[in-house]
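Participant: sequence first, predicted model second:
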Amino acid sequence: MNENKVSKNLPKATAKRLPQYYRLFKSLVDENISRTNSQLISEKIGVDAATIRRDFSLFGELGRRGYGYETQTLRDFFGELLGQDQETPIALIGVGNLGRALLHYHFQERNKMRITQAYDIAGNPLVGTQTDDGIPIYNISDLEKNVKKSEIKTAILSVRKENAQEVVDDLIKAGIKGILNFAPIRLHVPSDVVVQSIDLTKELQTLLFFMGNNEKNE
């Protein structure tokens, strides 16, 4: 990938839309649609056309005025940006209710991300076993040792907030550079480690707020 195409200061909102763009163009290619435009993209993903054009302009000339965008070219472009051509092994930390659901989520059916190791405390009866797909579930005391011996640089954190920072410190010692965090707490990490947090309670509260507003406006 030509690194000049990507600004290191890419707006976070734009970065969050990249997977949407990739999935859309992949779907269009699968449907044998060879060309599209910003208005049609807008209708498909619910982002206004001006925002789409502004996003795309950050990467140079992705389309042509009056012609639109070639779907296969854009699928490959966004796929490369997102590393879809690379295998991404992931460590899952925390095999409670959410963790078990994530273990059975088939990331690889959509891309090349795959949980290859899972961890929990010794009291979890799943520790020392493996999933039907062959994913081993280790004692968390083995985390640093195992991850260092692997090629894993990405982790999913699904633990209690009281334990989250301690676990993150161990992940960083093991060489982890990216963390998807489900614990409702702000994590402190070095500048070379990226954290993406998902607070399910906050997202649900936001949903309920908008639902309430809709009811008031009816």
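Facilitator: Yep, that arrived.
Participant: tally of neighbours for residue 38?
Facilitator: 20 (other C-beta atoms under 10 Å). Every residue, glycine included, has its C-beta placed from N, CA and C.
Participant: hang on, it packs against residue 53?
Facilitator: Yes. Shown here, residue 38 and residue 53 form a contact pair, counting by C-beta atoms under 8 Å, at 5.1 Å.
Participant: what's the helix or strand residue 180 falls within in contact with?
Facilitator: Using DSSP states H and E, residue 180 sits in strand 178-181. For strand 178-181, the external contacting residues (C-beta atoms under 8 Å, 6 or more residues apart in numbering) are 153-157, 164, 168, 171, 187, 189, 193-198.
Participant: local confidence estimate at the most centrally placed residue in the chain?
Facilitator: Per C-alpha atoms, centre = their mean, the C-alpha nearest to the average position across the chain is that of residue 180, at 7.3 Å. Note on residue 180: pLDDT of 95.
Participant: beta partners of it?
Facilitator: Residues in a beta bridge with residue 180, per DSSP bridges, are residue 156, residue 196.
Participant: contact partners for residue 39?
Facilitator: residue 49.
Participant: any idea which element it lies in?
Facilitator: Using DSSP H and E, residue 39 falls in helix 38-45.
Participant: list the buried ones in that helix?
Facilitator: For helix 38-45, burial by neighbour count (16 or more other C-beta atoms under 10 Å) applies to 38, 40-42.
Participant: next SSE after that helix?
Facilitator: helix 49-57.
Participant: helix, strand, or coil at residue 114?
Facilitator: What DSSP: H, G, I helix; E, B strand; the rest coil gives for residue 114 is strand.
Participant: any idea how far residue 161 is from it?
Facilitator: Separation of residue 114 from residue 161 (C-beta to C-beta, to the nearest Å) stands at 27 Å.
Participant: the closest residue to residue 69 other than its chain neighbours: neighbouring residues, count only.
Facilitator: Spatial nearest neighbour of residue 69, excluding adjacent residues (C-beta to C-beta, 6 or more residues apart in numbering): residue 63 at 4.0 Å. When neighbours are counted by other C-beta under 10 Å, residue 63 registers 18.
Participant: show the average pLDDT along the helix holding residue 39.
Facilitator: Mean pLDDT, helix 38-45: 92.
Participant: secondary structure element for the nearest residue in space to residue 78 that is not next to it in sequence?
Facilitator: Counting by C-beta to C-beta, 6+ apart, residue 78 lies nearest to residue 22, which is 3.9 Å off, once chain neighbours are set aside. Residue 22 belongs to helix 12-30 when assigned by DSSP H and E.
Participant: what do you get for residue 207?
Facilitator: Using DSSP H and E, residue 207 falls within helix 200-217.
Participant: got the CA coordinates for that helix in PDB?
Facilitator: C-alpha atoms of helix 200-217 as PDB (Å, rounded to 0.1, in the frame of the first residue of the first chain):
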ATOM      1  CA  LEU A 200     -22.300  -1.700  25.700                       C
ATOM      2  CA  THR A 201     -24.200   0.100  28.500                       C
ATOM      3  CA  LYS A 202     -23.500   3.500  27.100                       C
ATOM      4  CA  GLU A 203     -24.500   2.400  23.600                       C
ATOM      5  CA  LEU A 204     -27.800   1.000  24.900                       C
ATOM      6  CA  GLN A 205     -28.400   4.200  26.900                       C
ATOM      7  CA  THR A 206     -27.800   6.300  23.800                       C
ATOM      8  CA  LEU A 207     -30.300   4.100  21.900                       C
ATOM      9  CA  LEU A 208     -32.900   4.500  24.600                       C
ATOM     10  CA  PHE A 209     -32.400   8.300  24.600                       C
ATOM     11  CA  PHE A 210     -33.000   8.500  20.800                       C
ATOM     12  CA  MET A 211     -36.000   6.200  21.100                       C
ATOM     13  CA  GLY A 212     -37.400   8.500  23.800                       C
ATOM     14  CA  ASN A 213     -36.900  11.600  21.700                       C
ATOM     15  CA  ASN A 214     -38.700   9.900  18.800                       C
ATOM     16  CA  GLU A 215     -41.700   9.100  20.900                       C
ATOM     17  CA  LYS A 216     -41.900  12.700  22.100                       C
ATOM     18  CA  ASN A 217     -41.900  14.000  18.500                       C
END
